[in-house]
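Undergrad: Mind looking at a prediction? Sequence and model below.
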Amino acid sequence: MTIHIGIIGTGMIGEEHARRITLQLTGATITAVTDVDQEQARGVVERLGLAAEVYPDGASLIASEAVDAVMVTSWGPTHEEYVLAAIEAGKPVFCEKPLATTADGCRRIIEAEQAAGKRLVQVGFMRRYDSGYQLMKEAIDTDRLGAPLMVHAAHRNPEVPERYVTPMAIHDTLIHELDTFRWLLDDDYKNAQVVFPRKTRHAHSQVADPQIVMLETVKGVRIDVEVFVNCRYGYDIQCEVVGEEGVARLPEPQSLQFRQSAQRSNEILMDWKKRFADAFSVELQAFIDGAASGTLGGPSSWDGYAAAIAGDVCVRAQESGAIEPILMPERPAFYA
Ligand code: NAP
């Protein structure tokens with residue numbers, strides 16, 4: 001069975017996903033695309049040689065009989081509307097993060113999905129599909145580390161554009177860690193605090209950089225994450241889980257080791273797309289397979305909601321400097 005996918009938003013990641021589905025993955029073909037910039041959508045069809053129709057808007061694409069499953073890769077504030085429309089149409093939908101830009105928006109989605117009576121949404125938290133994180137998860141789940149006690153993590157980007165402002169360190173950057181730690185530890189957050197070290201001279205005026213986010217989970221695990229988005233040297237994701245019986249560290253991406261000029265060195269990636277290239281492929285294949293079998297798995301809209309709630313509190317903590325409580329509603333049995 002071939003799943004016919006319609007893509008809403010053919011910008012940077014929409015085109016990346018379209019390329020992957022077309023050139024690398026199996027079981028799906030792209031039959032429809034749309035973008036507010038129709039030229040952009042037509043360009044993707046041409047560049048990738050897709051046999052896809054360009055639709056005037058997301059609503060007509062979702063309604064089309066040529067579309068079995070929907071991918072939402074447009075600008076964040078548009079996600080809620082398209083995901084709700086896909087649920088209404090009873091079509092599986094892959095939504096890039098964020099699921100919605102507000103926790104209320106995410107709640108409306110989980111309500112609609114529950115009313116539909118089956119899981120229809122997979123959220124684009126691709127780190128869950130990264131082989132390194134999966135090894136860490138296995139070490140925790142099989143009790144190899146004993147009870148996890150602490151997590152030390154870092155999310156570093158070489159640089160960010162002028163439009164990147166302080167709250168985006170949470171909503172755009174930390175959001176991946178917020179999902180990853182809940183999943184790794186099988187836990188929820190209890191509170192958050194954000195502190196600001198001395199600011200790097202490489203950051204523009206509208207962003208406080210770096211930041212350290214400290215989280216406490218319900219089980220009492222303490223997490224510290226450095227978010228440093230103008231670190232210059234590379235795209236660098238670090239994670240170390242300290243347990244009662246040992247420590248697990250996220251593997252570094254594979255790279256050639258050089259011995260040259262009296263130095264030993266390894267290349268560090270600059271591009272996040274390369275760091276998680278395999279994870280994106282596994283994630284999208286899982287969506288295609290889930291859509292084909294009618295049993296979507298992976299990050300759910302509840303996970304998107306949980307990350308949004310924690311993210312909103314972290315932004316409040318950026319502003320207050322205080323330890324801010326994170327109050328998660330009870331998880332419905334539907335998302336158990
Ligand atoms: P982008 O390059 O700006 O692409 C977004 C595209 O959506 C643009 O072509 C934009 O058109 C279009 N668009 C905006 N409003 C629309 C609407 N109402 N209907 C249809 N299309 C619309 O952004 P991006 O970097 O690809 O990011 C897209 C989404 O993916 C964001 O939510 C982002 O957070 C997420 N993302 C996730 C990851 C990850 O690691 N999982 C990485 C990157 C991005 P205009 O440019 O004309 O506005």
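TA: Received it, and whenever you're ready, just let me know what you need.

Undergrad: Can you report how many residues lie near the residue of the stretch 101-250 of the chain at minimum distance from the ligand?
TA: Per CB to the nearest ligand atom, Gly124 is where the stretch 101-250 of the chain lies closest to the ligand, at 4.6 Å. To be clear about C-beta, it is placed using only N, CA and C from the backbone, and glycine gets the same treatment. Look at Gly124: counted by other CB atoms under 10 Å, it has 25 neighbours.

Undergrad: what residues are up against the closest residue to the ligand within the stretch 1-150 of the chain?
TA: The minimum distance from the stretch 1-150 of the chain to the ligand, using CB to the nearest ligand atom, falls at Gly11 (1.7 Å). Contacts here follow CB atoms under 8 Å, 6 or more residues apart in numbering; on that basis Gly11 touches Asp35, Gln40, Thr73, Ser74, Trp75.

Undergrad: From those, pick the one nearest Ile21.
TA: If you rank these by distance to Ile21 using CB to CB, Thr73 comes first, at 11.4 Å.

Undergrad: Distance of that closest one relative to Asp35?
TA: Applying CB to CB, to the nearest Å, the value for Thr73 to Asp35 is 9 Å.

Undergrad: thinking again about what came up before, what's near enough to touch the closest residue to the residue of the stretch 101-250 of the chain closest to the ligand other than its chain neighbours?
TA: Nearest non-adjacent residue to Gly124, counting by CB to CB, 6 or more residues apart in numbering: Glu96, 4.2 Å away. Residues near Glu96 by CB under 8 Å, 6+ apart: Gly9, Ile13, Met71, Val72, Thr73, His79, Gly124.

Undergrad: Export those residues to a markdown table and append columns for distance to Arg249 and pLDDT.
TA: Converted to a markdown table, those look like this (distance: CB to CB, whole Å; pLDDT from 0 to 100):
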| residue | distance to Arg249 | pLDDT |
| --- | --- | --- |
| Gly9 | 35 | 98 |
| Ile13 | 28 | 97 |
| Met71 | 33 | 98 |
| Val72 | 34 | 98 |
| Thr73 | 32 | 98 |
| His79 | 34 | 97 |
| Gly124 | 25 | 98 |
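
Undergrad: looking at those, which has the most residues close by?
TA: Busiest of the contacts of Glu96 [other CB under 10 Å] is Met71, holding 30 neighbours.
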